[in-house]
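1. pasting the structure only:
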């Protein structure tokens, strides 16, 4: 059966497993004090073109969002997010469980606009009783978004400039960052992100790793004793090497970018395949997640042949569905898909 | 350099890596819904001789302690632990960060006594103002303890019987459980633990896995929607297979017990080596952690040759140090150690 | 200067002060174990026509909302509220600080509709991945609402029936309950509320007390050890008599209802005064809060003569403003207001 | 029946009730923005001889301890306290519920020693793995202590000097501060406390108020947006005047000190009465709480005649009991007590 249901359905890129095997019997200090973690940090700093960046490794996306947000907010602050932001809708209340409200602004294909953030903040401070409400304390964006869309450099600069004006840290959720960076339709580089954001993460779990996200604090703004905060949240790996070796591999010889590029190329093939067969698209996505509108009968017909995810109902007879490519999707997979759709 | 500083300094047992490689390109559902996780659960239930046990996989020890304790306690309850319990002293306040006090009882070589728990609880309820204090809500023990010691079956039964009498769930931290079960000096089996405890975990991180702890709820007492609680705590792995494959391997053909046994045999060799050379022991440990008293000069002399951990100062000139064996320690390692001490 | 800015700008009803003076030198047990608290509970139970109700006293509204909601929800649950609900917008994130998300539904003049709650809940469970989101765990309504509006008995019955069908506790915020019960335009009685809700509170702070809210758990559903939860939240008064004496007074000879009725009568007078002078109303409110639309110039003109609250901007030249009457508003106050508007 | 069971069994000092009655019908802004609160702050600053002090009013002691400690600690920090400190033993886990561990040091008649704090902190940083534990972040002392004892100026200076050396804020719980300041056996003044501590509170609940504690941040170190933190914790009074009027009264013409002095004088009389009759003392207390050792038979004999609190069992036949005087205790009360003991 063909498998396009998500980008985390396989194990890891084979080079990662090779590296794990190769380094397996070397005794290393625990808790991230191993040489592989050090090398991975160095390589990520270099890829970001920021020698002053502080890189930390965590295990998964929700964990990263929760810990980064909680560690950068004051108790009386909330985080601004699109209504469709992962932290707003998909994390079982992890942000609220750490004590903070998610303050929502409208989404446009998953993205937020600087003007909406500005309005939220100016409305807040315009109220005589603002001290009775939740202070806006941070801006969260995802890139690619939950709909696979991307900010343009201009949009990102506007949001970043606003955040600096308002002294709000800008946090970019890069769970699928590789797919965004290698999109054919982006003018945003990793160095741009490192320059414009205060903290972001380079997603591993959805881009070829078994697990792992590399958090990058960009402007000497890592929270004090972040290590202990991570430990307190139960997020510190004893064998930190598991993350170090994986990211060291991903950032050696551009592997992270190369495998992300494969996903993008296959997504473009997939897009052509559906377009060619006359399907309609729910969103115009330039990354590895493609959203197609399918008739219910067609969904029933395809389900035994290929895995994909039902996204949302569009009308009485149609649903939007998601097909995701990944680092591992092959041309043969797309050809096989083309034959059955 | 010889390496006895801990039992998590290497990668994983080779069979685990083999299994990860072998299953790598199979598409599996995420979040623990893969067939390997299902098989691992089945095998752990069988090893526990409890078909009704509910097995869940988490990533690390502090994470497991925090989530299990918080999910089983009411807001007004605390957890009873030895003063030396891992949750009391070594987890950066993870239990308190989740809202609960650790109520301490005296430790005897790392173990607690049922009578001290009984005294704490009866003293609590004897106070006319007990509603102004923290209710004892659960008992936490570690087996092996932080000093490598083990409860006897009789001791465990006493604690368990008391807990049932007092309606306090009994939670056993088995971060090093394998080493306890395979000790030459224990009469406690895995089935005993599953019978006597309400929840416990089978440690993977310190017994040959890259990461992972298998939590076992034994008597239909898994908290409702534990899955969502795990997610909310940022502890849900997207690629749950990483844990499933590892525990499936560890519980196939008794690998978990076999490699634990190796650690125990090497610990016995190590004990003999030190005894033979006339060293004094700080604790009499029947498991893989051995605590030796070394003169400061000797520590200085050995440090360039072998890694071990300074445990605590004993007197002006001596420290207790810890040498840990593991699933990977060889007879050759012990021989080499013997030559240098 | 005339004072219509809110219903908590004066001290307490004189009979409350009299009772405090009269009982002042009687030695009473602390923490709510005094005879006045016992009598107040008894009288409130009688007024609710529910002998099985469990009545507890807290100090203020946000405190009550936070503690009641947190004590009745599971960790993985959130509370459903109108977007304009006090807990959603006006409590500095108190609900989120206790770990829970506020799940919003649309508001209609401050009220929610059963059908919207039903839709939220059915949409939630319809998602295959609902365990990754926040479970709806409770319904919060305010009566009167933040706009002074009231549920009809039919609406309240619909919401209550739905909540029971869905096993969601229904919580009614009665910070201004007296003004709702004595409205000329309501068919809802205190006994109806006690029958239809699982928990609600009878507001004291805004209805003649110095401070204090009487929480009523109606169907044997008070959380276990609620006393200790209150203490843990820092909400337990040492001199619980301060609340007991006040509510004992308010529920003696119907004082609570009598003074609420005065506020309603004065609000009707005020409504007539503004209507008579040709002003437009922003909301049609049947309770003590009246929302009028004023030109900016008029606001400027009135501000030195009478206190009122700017509610929200309506258009370029107009704002909605709030005039609140209370237990203490006199006919003379209204006459004076009439002369200046 | 005579009543010596505690210092919060009556209402308020009559002058406080008079002031509440007198100001009752003045319309005042809410939330502490009234003129009485402003005056009370000014008078407390003057009494502290610190014009730069930031004074805030809260309702009760546990609430104050929880909010002050949580707002001044980082997430990874705990608070150092005597094992007998109120926050450690008597507040239902309020500190832990806000996320922080209480780090205990030994108590000597309820007091801590600077050297023990120094040892705890130096031991902490001496551990190579200190980042895995809870950082000491603040020092909490009570004055008078839970045993009625007092720090000498020398002791307080030592603790303060150490705290400054270690950059740990020093927090003094003054729930019974008046009784400490007016003790015949103290050399510590309010100005000393304001100089030596970073934050402390002047207790009202136990010194003649209906409720209320005045928190004093002494060196421009009030947490940012403390108002919103108070609101979020449900501790903000709508009618802040209730606290303002009470503290304005207490700090007018030295009432706070005068009524505290009465308690001290009566405590001295009480001490003499017991000594005269040959009773033994459990602690030598220079404040309003006196701890006497009574035979069980005597306790039984006295119980119908006078209220007092059983403190703790001393031996098989004896208990320590507490007799507390207060602002309201009269010479006649002591004479009556003398006759029955």
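-> Noted; the coordinates are in hand. The model shown is predicted, which means the values in this text are computed figures rather than measured ones.

2. now the residue lying closest to residue A:329 once chain neighbours are set aside: how far from residue A:143?
-> Nearest non-adjacent residue to residue A:329, counting by C-beta to C-beta, 6 or more residues apart in numbering or on different chains: residue A:266, 4.1 Å away. (C-beta placed from N, C-alpha, C; glycine too.) As for residue A:266, its distance to residue A:143 is 20 Å (criterion: C-beta to C-beta, to the nearest Å).

3. now swap in residue A:248 and tell me
-> 24 Å.

4. what are the ranges of the strands in the stretch 151-300 of chain A?
-> Assigned by DSSP state E, counting those that start in this stretch, the stretch 151-300 of chain A shows strands spanning A:170-173, A:199-203, A:213-217, A:280-281, A:289-295.

5. how about those strands in JSON lines, adding mean neighbour count?
-> Putting these into JSON lines (neighbours: other C-beta atoms under 10 Å in any protein chain shown) gives the following:
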{"stretch": "strand A:170-173", "mean neighbour count": "26"}
{"stretch": "strand A:199-203", "mean neighbour count": "27"}
{"stretch": "strand A:213-217", "mean neighbour count": "26"}
{"stretch": "strand A:280-281", "mean neighbour count": "13"}
{"stretch": "strand A:289-295", "mean neighbour count": "21"}
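
6. As a markdown table, those with mean pLDDT would be great.
-> Shown next, in a markdown table, are those (pLDDT from 0 to 100):
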| stretch | mean pLDDT |
| --- | --- |
| strand A:170-173 | 98 |
| strand A:199-203 | 98 |
| strand A:213-217 | 98 |
| strand A:280-281 | 96 |
| strand A:289-295 | 96 |
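
7. In TSV, list those along with distance to chain C.
-> Output for the strands of the stretch 151-300 of chain A, formatted as TSV (distance: least, C-beta to the nearest C-beta, whole Å):
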stretch	distance to chain C
strand A:170-173	16
strand A:199-203	17
strand A:213-217	17
strand A:280-281	22
strand A:289-295	15
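
8. Can you tell me which residues in the stretch 101-250 of chain A are near chain C?
-> Taking C-beta under 8 Å from any C-beta of the partner chain, the part of the stretch 101-250 of chain A that reaches chain C is made up of A:101-102, A:128-129, A:131-134.

9. Among those residues, which are located in strands?
-> Counting by DSSP state E, these place residue A:102 in strands.

10. out of the residues of the stretch 101-250 of chain A next to chain C, who's near chain D?
-> With C-beta under 8 Å from any C-beta as the criterion, these include A:131-132 near chain D.

11. which one of the residues of the stretch 101-250 of chain A next to chain C sits closest to residue A:1?
-> Checking these against residue A:1 with C-beta to C-beta, the nearest one is residue A:102 at 37.0 Å.

12. Now do the closest one against chain B, distance only.
-> As defined by C-beta to the nearest C-beta, to the nearest Å, residue A:102 lies at a distance of 14 Å from chain B.

13. can you give me the helices for chain A?
-> Assignment of helices within chain A using DSSP state H yields the ranges A:14-23, A:35-48, A:61-72, A:86-89, A:94-97, A:114-126, A:153-166, A:177-181, A:190-196, A:226-232, A:241-250, A:255-276, A:296-302, A:331-340.

14. want to throw those into CSV with distance to residue C:95?
-> Converted to CSV, the helices of chain A look like this (distance: least, C-beta to C-beta, whole Å):
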stretch, distance to residue C:95
helix A:14-23, 42
helix A:35-48, 38
helix A:61-72, 16
helix A:86-89, 16
helix A:94-97, 8
helix A:114-126, 18
helix A:153-166, 25
helix A:177-181, 33
helix A:190-196, 33
helix A:226-232, 23
helix A:241-250, 35
helix A:255-276, 40
helix A:296-302, 39
helix A:331-340, 46
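
15. need those in a markdown table with mean neighbour count, can you?
-> Shown next, in a markdown table, are the helices of chain A (neighbours: other C-beta under 10 Å):
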| stretch | mean neighbour count |
| --- | --- |
| helix A:14-23 | 18 |
| helix A:35-48 | 20 |
| helix A:61-72 | 25 |
| helix A:86-89 | 20 |
| helix A:94-97 | 26 |
| helix A:114-126 | 15 |
| helix A:153-166 | 17 |
| helix A:177-181 | 29 |
| helix A:190-196 | 20 |
| helix A:226-232 | 22 |
| helix A:241-250 | 28 |
| helix A:255-276 | 19 |
| helix A:296-302 | 13 |
| helix A:331-340 | 14 |
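
16. Would you mind saying which of the ones you listed lies nearest residue B:39?
-> Of all the helices of chain A, helix A:14-23 comes closest under C-beta to C-beta, at 20.5 Å.

17. Just list what the closest one packs against, helices and strands only.
-> helix A:241-250, helix B:14-23 (3 or more C-beta pairs under 8 Å, 6 or more residues apart in numbering or on different chains; DSSP states H and E).

18. Need the contact partners of it.
-> A:11, A:36, A:208-210, A:241-242, A:245-246, A:248-250, A:255, B:11-12, B:17, B:20-21, B:24, B:210 (C-beta atoms under 8 Å, 6 or more residues apart in numbering or on different chains).

19. That helix: how far from the chain's middle?
-> Relative to its parent chain, helix A:14-23 has a centroid offset of 24 Å by C-alpha atoms, centre = their mean, to the nearest Å.

20. One more: stretch A:109-127?
-> 22 Å.

21. For the residue positioned nearest the centre of chain A, which non-adjacent residue is spatially closest?
-> In chain A, the residue lying closest to the centroid (C-alpha atoms, centre = their mean) is residue A:175, at 2.1 Å. Excluding its sequence neighbours, the residue lying closest to residue A:175 (C-beta to C-beta, 6+ apart) is residue A:203, at 4.0 Å.

22. ok, the one you found touching residue A:177?
-> Yes. The criterion here is C-beta atoms under 8 Å, and residue A:203 meets it with residue A:177 at 5.3 Å.

23. What is the burial count for the residue of the stretch 201-341 of chain A found nearest chain C?
-> In the stretch 201-341 of chain A, the residue that lies nearest chain C is residue A:310 (7.5 Å; C-beta to the nearest C-beta). Close neighbours of residue A:310, defined as other C-beta atoms under 10 Å in any protein chain shown, add up to 15.

24. So it sits against residue A:318, correct?
-> No. Judged on C-beta under 8 Å, residue A:310 makes no contact with residue A:318 at a distance of 11.0 Å.

25. Quick check: residue A:225 vs residue C:5, distance?
-> 46 Å.
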